[in-house]
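**Q** how would this look folded up:
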Amino acid sequence: MKVAVMAENNFHWVENLRVIAIFSIILLHFSGPILYLYGHVPEHIWITGNIIDSCTRFAVPVFVMISGALLLPKNEEIGYYLSRRLKRILLPFLFWSVIYIALVIYKKSRLMPLSAADLADNVFNLLKNGSAEHLWYVYMLIGLYLVIPVLRRWIQHCPQKEIRFFLICWFITIAVEQPLLTGLKTAVSLSSFAGFIGYLVLGYYLSVNPVFSSQKAKTLSWLMIVSGIVITISGTHYLTYTDGRFNGYFYGYLKPNTLLVASGVFVMAKNMLHCGTTLMVRFISRYSFGIYLAHILIMRALDKLHINYNLLHPAVGIPLAAGLCLTLTAAVVFVVNKAPYGKYISG
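**A** Model (predicted):
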């Protein structure tokens with residue numbers, strides 16, 4: 001397969017898509033707390049939270065798809081790749097992790113004194129498992145980045161039908177995990193095709209295949225987005241109502257409905273977001289990883305000031321709070337970036 005590398009003048013859609021994705025993640029995190037209050041808040045409040053959360057579940061898969069679209073076509077010596085790519089992830093990750101760890105240790109030390117052994121044990125466990133709830137993404141991303149040098153050698157030299165075969169096998173691993181289809185599972189292991197690696201390959205495939213630049217693809221992308229969101233909203237509402245408590249089954253990133261929305265958003269962006277970008281959009285896109293790492297700090301600070309989903313009605317309060325969080329986090333990342341050696345740790 002002839003490798004298609006994204007032209008510089010076609011990069012605007014990726015920048016715009018990154019900004020949409022990072023803002024969607026912040027929206028998702030602001031709406032999340034409402035969902036666990038099912039039965040304790042008015043129904044229209046809970047429904048609003050469900051709608052916003054359901055509409056933004058595409059964001060994490062889309063970030064992985066962007067990585068696939070940008071990194072899999074490249075030809076880099078493995079030593080250069082590991083030193084450059086992993087360094088760009090690990091240094092910011094360690095910097096922001098230290099801040100989150102310090103906050104956890106500070107809170108624990110206020111409750112009871114910590115010995116040196118306790119301190120070391122806490123630091124080790126927080127680094128091993130994640131010092132904040134959103135950092136699971138980084139651990140997953142590191143694993144994907146380790147496999148990219150191997151994956152790109154295959155994907156750059158194989159025909160598209162082999163990529164389609166991989167994606168079909170990946171989709172089967174997703175499908176057979178759904179309750180209605182678990183009876184079809186056999187002893188055959190498809191674990192080699194499972195997980196977020198499929199989003200890497202899908203992002204590459206959708207970005208280089210000209211079929212997904214047609215008018216039909218544009219129309220199909222909207223149908224995928226709408227149908228996937230409707231399934232997520234209605235499915236979550238039904239399961240939660242049935243269980244009498246929040247059930248987030250349809251929120252899973254490896255669910256067919258989330259795959260539908262993420263694929264639709266990606267194709268839509270590729271075809272419709274080629275407009276020029278502003279300096280702010282370029283900055284947020286360039287430092288979206290740092291913003292992702294740091295935004296929980298800002299979100300927690302805003303929550304102490306009661307700037308959260310309760311600011312106004314959630315339909316208004318969540319976007320306002322998320323917009324403020326994005327702005328302040330971008331400002332913090334900018335300041336860190338301008339500090340000595342800050343460009344290595346800001347993200």
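**Q** From here on, just use CA atoms for contacts and neighbour counts.
**A** Noted.
**Q** Could you check how far L91 is from H313?
**A** 39 Å (C-alpha to C-alpha, to the nearest Å).
**Q** So between these two, which is more surrounded?
**A** For L91 versus H313, neighbours defined as other C-alpha atoms under 10 Å are more numerous around L91 (16 against 12).
**Q** After the helix or strand harbouring A21, which helix or strand is next?
**A** In this structure, A21 is located in helix 12-35 according to DSSP states H and E. For helix 12-35, the succeeding helix or strand toward the C-terminus, using DSSP H and E, is helix 43-55.
**Q** For Y251, the count of nearby residues, please.
**A** 20.
**Q** in the stretch 51-200 of the chain, what spans have low per-residue confidence?
**A** By pLDDT under 70, the low-scoring segments of the stretch 51-200 of the chain are 180-190.
**Q** what residues are up against Y309?
**A** Listed by C-alpha atoms under 8 Å, 6 or more residues apart in numbering, the contact set of Y309 reads F30, S31, I34, G317, I318, A321.
**Q** May I ask which helix or strand encompasses it?
**A** Per DSSP H and E, Y309 falls between elements, in no helix or strand.
**Q** how about it, phi and psi?
**A** The phi/psi pair for Y309 (degrees, to the nearest 10) reads phi -60, psi -20.
**Q** any idea how far it is from S83?
**A** 41 Å.
**Q** Same question for N125.
**A** 26 Å.
**Q** now the contacts of Y309 in JSON lines, with neighbour count and pLDDT?
**A** As requested, the contacts of Y309 are exported to JSON lines (neighbours: other C-alpha atoms under 10 Å; pLDDT from 0 to 100):
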{"residue": "F30", "neighbour count": "27", "pLDDT": "96"}
{"residue": "S31", "neighbour count": "27", "pLDDT": "95"}
{"residue": "I34", "neighbour count": "22", "pLDDT": "95"}
{"residue": "G317", "neighbour count": "18", "pLDDT": "93"}
{"residue": "I318", "neighbour count": "26", "pLDDT": "95"}
{"residue": "A321", "neighbour count": "25", "pLDDT": "96"}
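**Q** Show me the two of the residues you listed that sit farthest apart.
**A** I34 and A321 (14.1 Å; C-alpha to C-alpha).
**Q** Roughly how far does A331 sit from N337?
**A** Distance of A331 to N337, computed by C-alpha to C-alpha: 10 Å.
**Q** Between those two, tell me which one has more neighbours.
**A** Neighbours per residue (other C-alpha under 10 Å) separate A331 from N337, with N337 holding more: 18 against 14.
**Q** what's near enough to touch that one?
**A** Here N337 is in contact with K343, Y344, I345, S346 (C-alpha under 8 Å, 6+ apart).
**Q** and these, which of them are in helices?
**A** The members of the contacts of N337 that map onto helices under DSSP state H are K343, Y344, I345.
**Q** Which strand or helix spans S285?
**A** helix 279-286.
**Q** State the mean pLDDT of that helix.
**A** Averaging pLDDT along helix 279-286 yields 90.
**Q** which other helices and strands contact whichever helix or strand comes after it?
**A** Counting by DSSP H and E, the next helix or strand C-terminal to helix 279-286 is helix 288-304. Contacts defined by 3 or more C-alpha pairs under 8 Å, 6 or more residues apart in numbering; DSSP states H and E place helix 288-304 against helix 12-35, helix 87-111, helix 314-338.
**Q** okay, the angle between the second one and helix 288-304?
**A** This points to helix 87-111. Orientation of helix 87-111 against helix 288-304 (axes from the mean of the first three to the mean of the last three C-alpha atoms, to 10 degrees) gives an angle of 20 degrees.
**Q** Can you name the residues in contact with helix 87-111?
**A** 114, 119, 122-123, 126-127, 130-132, 138, 142, 290, 293-294, 344-347.
**Q** now the residue most central in space within the chain, what's its secondary structure?
**A** Nearest to the mean C-alpha position of the chain, counting by C-alpha atoms, centre = their mean, stands V60 at 1.7 Å. For V60, the assignment made with DSSP: H, G, I helix; E, B strand; the rest coil gives helix.
**Q** Just the helices from the stretch 51-200 of the chain, written as ranges.
**A** 59-71, 78-81, 87-111, 116-129, 136-155, 160-175, 197-208 (DSSP state H, counting those that start in this stretch).
**Q** Mind giving me the packing neighbours of the lengthiest helix in the chain?
**A** Scanning the chain for the longest helix, with DSSP H as the assignment, gives helix 215-243. Packed against helix 215-243, as judged by 3+ C-alpha pairs under 8 Å, 6+ apart, are the following elements: helix 43-55, helix 256-272.
**Q** for those helices, which one sits closest to E15?
**A** Nearest of those to E15, taken as C-alpha to C-alpha: helix 256-272 at 9.9 Å.
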